[in-house]
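>>> here's my sequence, what's the structure:
(one chain, ligands or ions: 2)
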Amino acid sequence: MRRLLASLLLLCTVVSAHAGVLNSAQLAQYFPSPLIVGDKDPELPVWPILKQEMTSTELVGYAFESIDFVQLPGFSGVPINLLVALDPKGGFLDVRVISHHEPVFLEGYGPQPLFSFVSQYKGLSLTQNIGIAAGARKSAKLDGNNVRIDGVAKATASVRIINQTLLASSLAVARKKLGFAGSHDPDQIARLKPELFERYTPAQLFGRDMVAHLSLANRDIEKAFKGTNGEGLDPDGSVNPDGLFLDIYTTLVSVPSIGRNLLDGPSWEKLSGRLDKGDHALLVMWGGRYSITPEEFVAGTAPDRLALQQGGLPIEMRDLDLDLRLADGTPIAPENIKVFRVIAQSGLDLSKPLEFVVNVKREKGMVYPEIIRAALPYKLDVPDRFYDVPAGDDKSYTSIWRDRLPELAVLAAALLLLTLLLARQRWLTASARRFTLIRIAFLSFTLGFIGWYAQGQLSIVNMTGLLQALKEGRGLGFFLYDPMTVSLWAFVALTFFVWGRATFCGWLCPFGALQELVARIARLLRVPRVRLRTATDRHLKRIKYVLLFALLASALFAPQLADRLAEIEPFKTAITLYFVRSWPFVLYAAALVLGSAVVYKFFCRYLCPFGAGLALLGRLRLLKWLPRRAECGQPCQSCRHRCDYQAIRPDGAIVYDECFQCMDCVVIYHSDTQCAPRILQAKRGVTIPLRAIAAKESA
Ligand code: SF4
Ligand code: SF4
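Ligands and ions are numbered 1, 2, ... in the order given. This next block holds a predicted model:
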C-alpha cells in the first residue's frame, strides 16, 4: 500500500500543460452570422470577431479561452475553462462555460446555475468593479462603477474562482490587445462620480485643491541642469534668472464640479460628447517663455513637453483638439490652453496622485548636438469626494476570509474547546453521563454549524483536487477560496500527530456526526443493532481503501471518472444540499444514514474513501493515547465488545486506523462499575493504580 502511495505521489510531479480546445469552426458556432471569426492571432491564442457590413468589415471584439491565459484550479483541482468575448473597450460581449469539474455543478445543482451565473457578465465591463453578492441573494446592484452580480448559494468558492479566472484572463488579453495599463487592475481603481456636481466660481476652483500649479523661474531650470552638460546653455535665462520660465495649471476638467464650472454649457456638452465612459480630460493652462505645445506640436497628438505617469507607469494623454470656451465665454487659446484625453483603458486611478513631469531639453554642439534633459515634476491630487473607491479586492480569496471571519472565529473557539477536552481525557471520561452530554452537544454543533451552516464538510474531493493540481504543476491557492476547509484541514493535519485520524472522524465530520446522532436516537427507540462477525468486519474494512485508490488513480488519469466515483460520498447530498437532490442520490444518502443505526456507521467503517485516506495519513500519529491495562484482552473483553467500531483486537490492542475517538473504551477504563478488572479489584478491596497500564496497541 505504501509503495502504491509513493508511486502516486511520484506521478504528481509529472507536469502537463493545459490549452484551449476550440478551433475556428467550433468558435463560429458561438458567433453566428453576421459575425465572422477571423484568423487566430499569430502571437496570442485570441481570435478577432468581425462583423460584415455592406462594404466593410468591423472589429466587434476578441474571443479567447480562459484556460490559455489562467489555469486557476477549480474546487476539484481542475481549471475551469471559459469562452470569453471582449469588445475593444473591455466590455464582455459573451461568457460561456466550456468545461468544468466543480462538484456542486456536476451532480448537485447541475450546470444550469453555473451557466446563469456566467451569463451575468454579458454587458458588464472590465473597467467596472465586479463583485459577487454572497450566496444567491438577489442583490445585484449596478451603479456604473460598482457592480454586484448574484452568487450561487453553497458554491461560493467555485463562483469566486470562476470570477477570478474570467477577470484575470480578460485582463491578460486586454493588456495585450486593448491597450489596458500594465500595472493596475481596471476593476480595482477609483473612478469618477459622474453624478456629483458642486457649484464653484473659477476663482474658488483655483483657490481650492482642485487645480495643480507649478511656477518655474529661469533660475529653477538652470538649477535642474546644474552639474550636467546642459548647465549654462540658456543665455536668455541667465540674463534674467528670476524671469518666468513656465507657469502651469492643470486640472481634471472631466470632473463635473470642475468642468461644468470652468467651461460654458455648450463646451461642457462638447467635451462630454468626446469622452467615452471612464475617460478623463485634463485642462492644462500655461504662461511664460516655455510652451507645452511648441510650433512643431501636431494637434491631436501627445505632447513631448508634458508627461503624465502614475506609480512609475507612463500614462498617455492626447490632445483632444477641441474648440472650447471658458465659463465667461472666452475662447480657449490653443497656444496656452489645451485639453488632453486619458482613455479609460489606461487605468488612471483617481485615488492616487496624478504625477506630471515638465520635460525641458537643451542641446549642446552644432552638427550632432548632445541632448540633455531635465524633468520638473508636479502632481495633482483629486479630492476624494469626486470618486468612488472600489469596495475591496472582491475577486480574490482575501474578501472571502474577511466575509467569513465570524464563522471562522466560532470554529476556532470550538476547535480550541475540543483540544482542551481531548487533552483532559481523564476529566472528560470520568463521568459517563457528563461525557455523553458533551459528546452529543459537540456532534450537534459539528452537524449543524460546521456542516449545514458553514459548509465545512471535508471530502475526498479535497484529496483528488490536491492530486490533480500537483500533477498539473498548478498552485494550491484555490484552497484559499474555502476558508472553512483550509482551517479544518490545518487543525486536522496537526491532530494527525497526536490522535491520528480519530479527531476528525470522531468529532468534526458532519456526516459522521449525523450518523452517530441518528444511531443514538435509534438506540433510544430500541432499534436492534447488528454487529458483524470479526472476520466479516475485517474484510469489509478493506473496501474503503480500494475505493480510495480507485479515486486517487482516476483523479490522476481520468478526472471525469473521479467526478463520478466521488459520488460514493453522500456528503454533497446530505450536507451541502440538505437532501434536496434527485431521488437516487437522496435514497442512497438516506439509506446510509438510517442503515448506520443498524450496522453502526456502516459507511464510515467500510465505504468512506476519505476516512481511508485519513487513516493512512493518521499513521503520522506519535502517541498511543488510549489507556490499556494488562488485563485488556486477556482475560477482559469488555471494551472490545463495547467498541461499536470493532477497533479493538481480541488481544486487547487498539487498531488506531479504525478508532474514531468515541472514548467509550476510555469511559469504561475509568469506571468502577464497567471495567471488569476494577470491579474485581473493588470487590477484593484493592485500589488499582490508574497508571498500571500495559501498552497493547497495534501500530
Ligand atoms: S469515515 Fe468518512 S464519513 Fe465517517 S467520519 Fe470519517 S470522513 Fe466522515
Ligand atoms: S471504543 Fe475506544 S477503540 Fe473503539 S472507537 Fe471508541 S475510542 Fe476507539
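
>>> just the pLDDT for R137.
You'll see R137 listed with a pLDDT of 45.

>>> and the next helix or strand past the top helix by length along the chain?
The residue-count maximum for a helix in the chain (DSSP state H) belongs to helix 156-177. Downstream of helix 156-177, the first helix or strand assigned by DSSP states H and E is strand 191-192.

>>> so what strands line up beside that next one?
strand 387-388 (antiparallel) (DSSP bridges).

>>> residues in contact with whichever residue of the stretch 351-500 of the chain sits closest to ligand 1?
Per C-beta to the nearest ligand atom, L458 is where the stretch 351-500 of the chain lies closest to ligand 1, at 6.9 Å. C-beta here means a position set from N, CA and C on the backbone, and glycine is covered the same way. Contacts for L458 (C-beta atoms under 8 Å, 6 or more residues apart in numbering) come out as T485, L488, W489, V492, F504, L508, C509, F610.

>>> out of those residues, who's near ligand 1?
C509, F610 (C-beta under 6 Å from any ligand atom).

>>> among the contacts of L458, who's most crowded?
C509 (33 neighbours; other C-beta atoms under 10 Å).

>>> look at the residue of the stretch 351-500 of the chain closest to ligand 1 and report its pLDDT.
So L458 comes in at 94 (pLDDT).

>>> distance of it from T446?
11 Å (C-beta to C-beta, to the nearest Å).

>>> overlap in contacts, these two.
In contact with both L458 and T446: L508, C509, using C-beta under 8 Å, 6+ apart.

>>> dihedrals phi and psi, R373?
phi -120, psi 150 (degrees, to the nearest 10).

>>> enumerate every residue touching it.
G230, N359, V360, K361, R362.

>>> which residue ranges form the strands in the stretch 501-650 of the chain?
Ranges of strands in the stretch 501-650 of the chain, per DSSP state E, counting those that start in this stretch: none exist.

>>> close to ligand 2: what parts of it are there?
Checking the stretch 501-650 of the chain against ligand 2 by C-beta under 6 Å from any ligand atom, the hits are L626, C643, Y645, A647, I648.

>>> a markdown table for those, including pLDDT and neighbour count?
Shown next, in a markdown table, are these (pLDDT from 0 to 100; neighbours: other C-beta atoms under 10 Å):
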| residue | pLDDT | neighbour count |
| --- | --- | --- |
| L626 | 86 | 25 |
| C643 | 94 | 20 |
| Y645 | 94 | 22 |
| A647 | 94 | 25 |
| I648 | 93 | 27 |
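
>>> out of the residues you listed, the closest to L244 would be?
L626 (89.9 Å; C-beta to C-beta).

>>> I654 is in contact with the closest one, correct?
Yes. L626 is within contact range of I654, at 5.0 Å (criterion: C-beta atoms under 8 Å).

>>> what does the stretch 151-300 of the chain have sitting close to ligand 1?
So the stretch 151-300 of the chain never meets ligand 1 (C-beta under 6 Å from any ligand atom).

>>> list of residues touching stretch 216-235?
236-238, 240-247, 288, 290, 358, 360, 362-364, 370, 372-376.

>>> and these, which are buried?
Among the contacts of stretch 216-235, those classed as buried by 16 or more other C-beta atoms under 10 Å are G237, F245, L246, D247, G288, Y290, V358, V360, R362, I372, A374, L376.

>>> the third one - that's part of a strand, no?
Yes. Assigned with DSSP: H, G, I helix; E, B strand; the rest coil, L246 falls within a strand.

>>> who does it bridge with?
L216.

>>> thinking again about what came up before, rounded mean pLDDT for the longest helix of the chain, please.
83.
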